[in-house]
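In: Predicted coordinates and the sequence they were generated for:
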Amino acid sequence: MPHDPDPPPAKRFKPGSPFFRLDKKPDMLLPRAGHAIVSVDAQRKQLPIYQTRTQVINQLRQLHNAVFIGETGSGKTTQIPQYLYEAGIGRQGVIAITQPRRVAAISLAGRVAEEKKVQLGKLVGYTVRFEDVTSSETKLKFMTDGMLLREAIGDPLLLRYTVVILDEAHERTVHTDVLFGVVKAAQRKRMEQNKIPLKVVVMSATMDVDLFSQYFNKSPVLYLEGRQHPIQIYYTKQTQTDYLQAALVSIFQIHQEAPPSHDILVFMTGQEEIEALARTCRDISKHLPETCGPMTVIPLYASLPPVQQLRVFQPAPKGSRKVVISTNIAETSITISGIKYVIDTGMVKAKRYNPDSGLEVLAVQRVSKAQAWQRAGRAGREAAGSCYRLYTEEEFDNFASMTVPEIQRCNLASVILQLLALGVPDVLNFDFMSKPSPESLRTAVEQLCILGAVDRKDDQVSLTPLGKKMACFPLEPRFSKTLLISPDFSCTEEVLTIISLLSVDSVLYNPPARRDDVLAVRKKFISSEGDHMTLLNIYRAYKKVSGNKDWCRENFVNSRNMGLVLEVRAQLRDICIKMNMKLESSLSELVNVRRCLAHGLFMNAAELQPDGSYVALDTHQPVAIHPSSVLFQAKPACVVFNELLHTSRCYMRDLCLVDADWLQEAAPEYFRRKLRAMKS
DNA sequence: GAGCACTGC
């Protein structure tokens, strides 16, 4: 973190503001004021959307498709489903409202139940993973988009629904993007088969909705006006080479000039950066002149323990200014009240995907215009605010207008498998709103083919019986495959545990300050057979003490994530039972488990070279063992790994020691081809 | 001998 070792003199921040005022209206609707303390009924009527109620109902009665624009909080998400219901539209079935996030689905359902004065789970309910609060009475159902997609596998025409409202469509999650195509097809087929029609309503917070409208048969776009608060946008006069330094300067400039009750939200890219900036801010604020009030600096990012995350909602002590330094978690997931100033570095850490190498890279990059407006909007939730952009207006003009949808930058293997399970006949030409690249589609089909999930004849791709079973699990294809072959190795119980451990955030808690303690305590779990077996040991020890919290603390195990592991495991186990899989445990014979992993993860294998380096067998690229692996200091001849992480080098993470013979026996044809490819 | 944004089934 580049900054002066001594606290800089206060006046340094004063003269010559690096910003200039710009009177340009953002091309997006901004949030409105919060609710006053009045009855729910009165609140409903106070929403601006209430004025357009009749108009909205009339439109929705006639239309098969509609696109609504209006910022979250405008009331569209809570009111439109109620308007539909109250007007008797779609009464023959259920009205579904999808959300990208669980918390949103749950809290919106709670809010609407309150407004309808009903018990949650009756008329109004929600469905998210691990939780289904609905009943036969439920007519307004809030759910995650992933959940509706799961349901579609059993019911591709979505027959129980009369209306599907796809909310937060501008976020363009993979699930929402797949749903666009699924609901469109369901709508068409229901029409053709003379079934009850399906209405599709798309809701977005951004103005660039041409795509949505075009895609849904040029459906009309309805604008919902809001009581938004104006936000003053400032750009830098010159390009900033160091956004960290620029952020620091901006924070203290505002701190010296603005009333202490005006809080600041700073958008940065990651944990390390945030902690460094927080430290620097605290240091500097201690040495400011008396005229400057105190400052309460609060870092915010997802991997922070929940208790510490809650700190952002507490008001700063009287007279102190709250400065929240956050990742883009504050862009959508967490809304903080009282923010008057937003400082936007214009940078974000995001995943990129290379379909050729199959590598995902996490890289710091520019935000899109839409993202920059979303960030700016965070300054105007309750009153007028300001946004300081640490880039020039010219730079902003060159930002991409929209963030590239996730579906165009991720591995599509699960998506393709899911589409095939839905009965989509021609997956390679599926009607995506934003088409992924042909290479990306081809790579995904190729991977599924190698796993034995699909058959290819000419250009037609179809599901094998194995692939059909794989699609039943909420897992990445390579994991569902591993689980499905585990009965052959009599170790399904162990594989269930390992896969559950791998599908949640790490259960290992590694506070850097206590590195030596962590190493010492973890020693007793370490298996020379690799990280999977080590994790299995930790899980077994955790079960032995029945998840005792003190044990977790002493052993640096994240008990929350371990709790999630139990939930995931129970869900996967249920699916196994429904499939009549034999649930055996191989107890001390862990060689079976490793053999099973080799058979499931053979595409992620690497071999030791004579010079001590490693080469991935799939792509023949040089890879290395990540220093966090228990095998880091060992030199195993042959391993399978969970994922590749491209940072300073290409690292394998979560390794398991295997026999080269096992790999050969798992996929002889695949390795013959690889060998041929290498020789030529 | 490194260092990982955020969701979700």
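Out: Looks like it arrived, so ask away. Since the model is a prediction, treat every value here as computed from it, not as a measurement.
In: going forward, measure contacts and count neighbours with C-alpha atoms only.
Out: Will do.
In: Which element, helix or strand, includes residue A:539?
Out: Secondary structure assignment for residue A:539, by DSSP states H and E: helix A:531-544.
In: I'd like the next helix or strand past that helix.
Out: That would be, after helix A:531-544 and using DSSP H and E, helix A:549-554.
In: what about the residue lying farthest from the centre of chain A, which helix or strand?
Out: Of all residues in chain A, residue A:290 has its C-alpha farthest from the mean position, at 43.6 Å, by Cα atoms, centre = their mean. For residue A:290, there is no enclosing helix or strand under DSSP H and E.
In: what's the spacing between it and residue A:663?
Out: Using Cα to Cα, to the nearest Å, residue A:290 is found at 69 Å from residue A:663.
In: Report the mean per-residue pLDDT for the helix holding residue A:539.
Out: When pLDDT is averaged along helix A:531-544, the result is 95.
In: Poorly predicted segments of the stretch 1-150 of chain A, please.
Out: When the per-residue scores of the stretch 1-150 of chain A are filtered using pLDDT under 70, the ranges that remain are A:1-37, A:71-73.
In: Contact residues of the stretch 1-150 of chain A facing DNA strand B?
Out: Counting by Cα under 7 Å from any atom of the strand, the stretch 1-150 of chain A comes close to DNA strand B at A:100, A:101, A:102, A:103, A:128, A:129, A:144, A:145, A:146, A:147, A:150.
In: all helices for the stretch 351-500 of chain A, in order.
Out: In chain order, the stretch 351-500 of chain A shows helices spanning A:369-377, A:393-397, A:413-421, A:438-450, A:465-470, A:477-485, A:492-502, with DSSP state H, counting those that start in this stretch as the criterion.
In: how distant is the fourth one from the center of its chain?
Out: This means helix A:438-450. Between the centre of helix A:438-450 and the centre of its host chain there is 23 Å, according to Cα atoms, centre = their mean, to the nearest Å.
In: got the contact list for whichever strand or helix holds residue A:678?
Out: If you go by DSSP H and E, residue A:678 is part of helix A:668-679. Contact with helix A:668-679 is made by A:450, A:617, A:618, A:620, A:664, as judged by Cα atoms under 8 Å, 6 or more residues apart in numbering.
In: just to revisit the earlier point, make JSON lines out of the helices of the stretch 351-500 of chain A and add mean neighbour count, distance to residue A:191 and mean pLDDT.
Out: Rendered in JSON lines, the data for the helices of the stretch 351-500 of chain A read as follows (neighbours: other Cα atoms under 10 Å; distance: least, Cα to Cα, whole Å; pLDDT from 0 to 100):
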{"stretch": "helix A:369-377", "mean neighbour count": "23", "distance to residue A:191": "35", "mean pLDDT": "90"}
{"stretch": "helix A:393-397", "mean neighbour count": "15", "distance to residue A:191": "44", "mean pLDDT": "94"}
{"stretch": "helix A:413-421", "mean neighbour count": "22", "distance to residue A:191": "21", "mean pLDDT": "95"}
{"stretch": "helix A:438-450", "mean neighbour count": "19", "distance to residue A:191": "29", "mean pLDDT": "92"}
{"stretch": "helix A:465-470", "mean neighbour count": "19", "distance to residue A:191": "28", "mean pLDDT": "96"}
{"stretch": "helix A:477-485", "mean neighbour count": "23", "distance to residue A:191": "33", "mean pLDDT": "95"}
{"stretch": "helix A:492-502", "mean neighbour count": "23", "distance to residue A:191": "41", "mean pLDDT": "96"}
